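Trainee: I would like the atomic coordinates for the input below:
(one chain, ligands or ions: 1)
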Amino acid sequence: MIEKMPLPYNYNALEPYLSSTTLYTHYNRHYLGYLDKLNTLLKKYNLNLTKEEMIKNIDKFELKDRGQILFNLSGVLNHELYFKNMSNKKNNLPQGKLKEDINRDFGSFENFKEAFIISANNLMGSGYTFLVKDKLANKLLIINTSNQDSPYSYDFIPIMTIDLWEHAYYLDYLNNRKEYINNWFNLIDFQLVEEDYKKI
Ligand SMILES: [Fe+2]
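Mentor: Below is the predicted model of the structure:
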């Protein structure tokens with residue numbers, strides 16, 4: 001049984017950039033929907049693995065279950081990363097080790113932000129843009145994933161992400177995904193991102 005991650009703020013905490021209706025629906029209907037389906041699928045298995053380990057050991061599940069488990073498990077992990085690294089605290093600039101590594105790999109925060117926004121705007125269909133760490137190359141990368149694909153499936157460690165499914169923004173922005181992406185940089189909390197980044 002995978003426990004839910006409580007939403008770390010009130011539903012209206014991210015206004016005016018994301019409305020309480022969007023947050024309520026996104027957390028309760030979408031995130032918890034993936035979690036419920038995942039827990040139903042996992043009922044017959046007795047594996048003592050973390051969510052991240054399950055993705056990397058997807059062959060431990062019966063072939064007929066793998067697609068659905070991977071989809072819902074990645075959906076849970078992607079949403080948890082998205083929700084946990086936003087806040088209304090205005091910690092919108094990286095600091096510490098993450099700042100150093102962003103400067104090393106992208107030249108500056110401004111270059112990084114521009115590349116992240118371009119990547120997010122270029123995503124086709126539903127998916128996510130991630131900042132990830134390629135541990136083998138010791139390098140940060142910006143990648144897009146489709147549907148609910150997780151960077152763990154490609155051997156990358158996800159660091160921060162923006163959900164680009166229409167359910168993440170459509171109530172507030174209609175089809176203006178570009179504005180949602182730009183505004184999201186007012187919500188990303190780099191102090192929270194840094195706390196996890198130091199543990200990688
Ligand atoms: Fe979502």
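Trainee: Tell me the bridge partners for the residue of the chain found nearest the ion.
Mentor: Here the chain gets closest to the ion at one residue, residue 163, 4.2 Å apart by C-beta to the ion. Quick note: C-beta positions are derived from backbone N, CA and C, even for glycine. With DSSP bridges as the criterion, residue 163 is bridged to residue 128.
Trainee: Touching, it and residue 128? I think so.
Mentor: Yes: counting by C-beta atoms under 8 Å, residue 163 does reach residue 128; the two are 5.9 Å apart.
Trainee: what about those two, which has more around it?
Mentor: Higher neighbour count among residue 163 and residue 128: residue 128, with 27 against 22, using other C-beta atoms under 10 Å.
Trainee: shared neighbours of residue 163 and residue 128, anything?
Mentor: Here residue 163 and residue 128 have 78, 82 as joint contacts, going by C-beta atoms under 8 Å, 6 or more residues apart in numbering.
Trainee: in the chain, which spans are helices?
Mentor: Counting by DSSP state H, the chain has helices at residues 20-25, 32-42, 51-56, 63-84, 96-106, 109-122, 170-173, 177-184, 190-197.
Trainee: Out of the ones you listed, which is closest to residue 3?
Mentor: helix 32-42 (8.7 Å; C-beta to C-beta).
Trainee: what's the angle between the closest one and helix 63-84?
Mentor: Relative orientation of helix 32-42 and helix 63-84, computed by axes from the mean of the first three to the mean of the last three C-alpha atoms, to 10 degrees: 150 degrees.
Trainee: wait, does helix 32-42 contact the ion?
Mentor: No: Helix 32-42 stays clear of the ion (C-beta under 5 Å from the ion), getting no nearer than 8.5 Å.
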